[in-house]
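[1] one predicted model, sequence on top.
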Amino acid sequence: MNFPDLKKDLFQSCLAEIDQKADTLRNAMDEAQQSANDYGPPKDRYDSYRTQLLRKRDLFGQQLQKIMEQRNLLEKTDPEKASERVEFGALVITDAQKIFVSVGLGRHFCNDMEFFVISPAVPFYKAMEGKRAGDVFDFRGERIRILQIL
């Protein structure tokens, strides 16, 4: 497989993972809301079960909002664009690992290969930011060579 196709596949795979997480959170919110509705109003002033269910629903809602923000940020990535430097949207192939700079999904598998999908806010990105293919950078005492950037 050529690397430009790999970048497109990785982009689509990341979108699919985010969509799956969003669906899971939506279902959890719906279940918490349904449980609160089924329970009915509080039985007395010390009964906080319904309030706990609604709080749980709200927490899932906050997580869903963060996931959707990640999706919106990821959609700003152009998988067709080849990068010359390590920047947002770049797929960086090093002698140690493959890194996709976009949103913080962590370890991700696509096409039977392991990638690390990282945010530009993490220290690892800061160590390699702006570097080009062939450059070497140090991270936590380890020298890492950038083999290719897409």
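    Everything's here; your move.
[2] hey, let's count contacts and neighbours off CA atoms from now on
    Will do.
[3] need the contact list for the residue most central in space within the chain.
    For the chain, the residue nearest the mean C-alpha position is residue 105 (2.8 Å; CA atoms, centre = their mean). Residue 105 is in contact with 14, 116, 117, 118, counting by CA atoms under 8 Å, 6 or more residues apart in numbering.
[4] correct me, but the last one touches residue 102?
    Right, residue 118. Yes. Residue 118 lies in contact with residue 102 (CA atoms under 8 Å); the separation is 5.9 Å.
[5] residues contacting residue 74?
    Listed by CA under 8 Å, 6+ apart, the contact set of residue 74 reads 15, 102, 103.
[6] likewise residue 125?
    Here residue 125 is in contact with 101, 118, 119 (CA under 8 Å, 6+ apart).
[7] how about the residue lying closest to the second one once chain neighbours are set aside, secondary structure?
    Taking CA to CA, 6 or more residues apart in numbering as the measure, residue 118 lies nearest to residue 104, with 4.4 Å between them; neighbours along the chain are not counted. In terms of secondary structure, residue 104 is coil; the call rests on DSSP: H, G, I helix; E, B strand; the rest coil.
[8] quick one: the contacts of residue 74 as CSV, columns for distance to residue 56, pLDDT and neighbour count too.
    Shown next, in CSV, are the contacts of residue 74 (distance: CA to CA, whole Å; pLDDT from 0 to 100; neighbours: other CA atoms under 10 Å):
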residue, distance to residue 56, pLDDT, neighbour count
15, 26, 97, 17
102, 29, 95, 25
103, 25, 95, 22
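[9] quick check: of those, which lies closest to residue 6?
    Nearest to residue 6, judged by CA to CA, of those is residue 15 at 14.2 Å.
[10] mind telling me what element the closest one is part of?
    Here residue 15, judged by DSSP states H and E, is contained in helix 3-39.
[11] mind giving me the packing neighbours of the strand ranked longest in the chain?
    Secondary structure of the chain per DSSP state E: the longest strand is strand 142-149. Contacting strand 142-149 under the criterion 3 or more CA pairs under 8 Å, 6 or more residues apart in numbering; DSSP states H and E are the following elements: strand 91-94, strand 136-139.
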